[in-house]
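>>> give me coordinates for this.
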Amino acid sequence: MGFYEYTAVKMNGQEVKMEEYKGKVVLVVNTASKCGLTPQLEGLEELYKEYGDKGLAILGFPCNQFASQDPAENKEISEFCLINYGVTFDMFQKIDVNGENAHPLYKFLREQATGTLGNKIKWNFTKFLIDAEGNVVKRYAPTTKPQSIEKEIKSLLAK
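Now for the predicted structure:
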């Protein structure tokens, strides 16, 4: 299966097929509301505001698997992201990214781009960059700031 064959559920309960992002450059990120890296939401939103109308989609997937740093319900997480960071990019319902209950999309992403811990997600804010054809181009460490991915995003958007 390829990226476009997966589905996920947005915060509003709407199931979305990844094929809706066909032709867009996509950045997939597992987020958390109570993490030291949570301010990256602001950087992600800046990227989205700059490049969203040029073909960039950012998909946020809250996850509570790392030190229980996103324990809230989906509604609270959504409100937190909007109120504190002005998040307007697509946020999906909370999922697992590792283990037997990992979301199928994350199983796929982990297989396509391994990291320092093999194919496991190391921490909150691991990022996957996907080109406009649905190919997983690169995996970024949690500490990689969104702005440092901007050059690669611009390059993919120019293709």
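>>> for stretch 94-111, which positions count as buried?
94-98, 102-103, 105-110 (16 or more other C-beta atoms under 10 Å). Where you see a C-beta, it was placed from the backbone N, CA and C, and this is true even at glycine.
>>> and what of stretch 60-79?
Of the residues in stretch 60-79, those buried (16+ other C-beta under 10 Å) are 60-66, 69-70, 74, 77-78.
>>> the chain: helices as residue ranges?
Along the chain, counting by DSSP state H, helices occupy 40-51, 74-85, 104-112, 150-157.
>>> give me the contacts around the second one.
For helix 74-85, contacts defined as C-beta atoms under 8 Å, 6 or more residues apart in numbering pick out 11, 31, 33, 39, 41-42, 45, 60, 62, 70, 72, 87-88, 91, 93-94.
>>> TSV for the buried residues of stretch 94-111, including pLDDT and distance to residue 151?
Formatted as TSV, the buried residues of stretch 94-111 follow (pLDDT from 0 to 100; distance: C-beta to C-beta, whole Å):
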residue	pLDDT	distance to residue 151
94	96	31
95	97	29
96	96	31
97	96	26
98	94	29
102	96	30
103	96	29
105	96	26
106	95	25
107	93	29
108	94	26
109	94	21
110	92	24
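>>> okay, and the helix or strand of this structure with the least pLDDT?
helix 74-85 (a mean of 90; mean pLDDT, DSSP states H and E).
>>> just the CA atoms of that helix, as CSV, please.
What follows is helix 74-85, C-alpha atoms only, in CSV (Å, rounded to 0.1, in the frame of the first residue of the first chain):
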residue,chain,number,x,y,z
ASN,A,74,-9.5,15.2,21.2
LYS,A,75,-11.7,18.3,21.7
GLU,A,76,-9.3,19.7,24.4
ILE,A,77,-6.3,19.0,22.3
SER,A,78,-7.8,20.7,19.3
GLU,A,79,-8.8,23.8,21.4
PHE,A,80,-5.3,23.9,23.0
CYS,A,81,-3.6,23.9,19.6
LEU,A,82,-5.9,26.6,18.2
ILE,A,83,-5.9,28.9,21.3
ASN,A,84,-2.2,28.6,22.2
TYR,A,85,-0.6,28.3,18.7
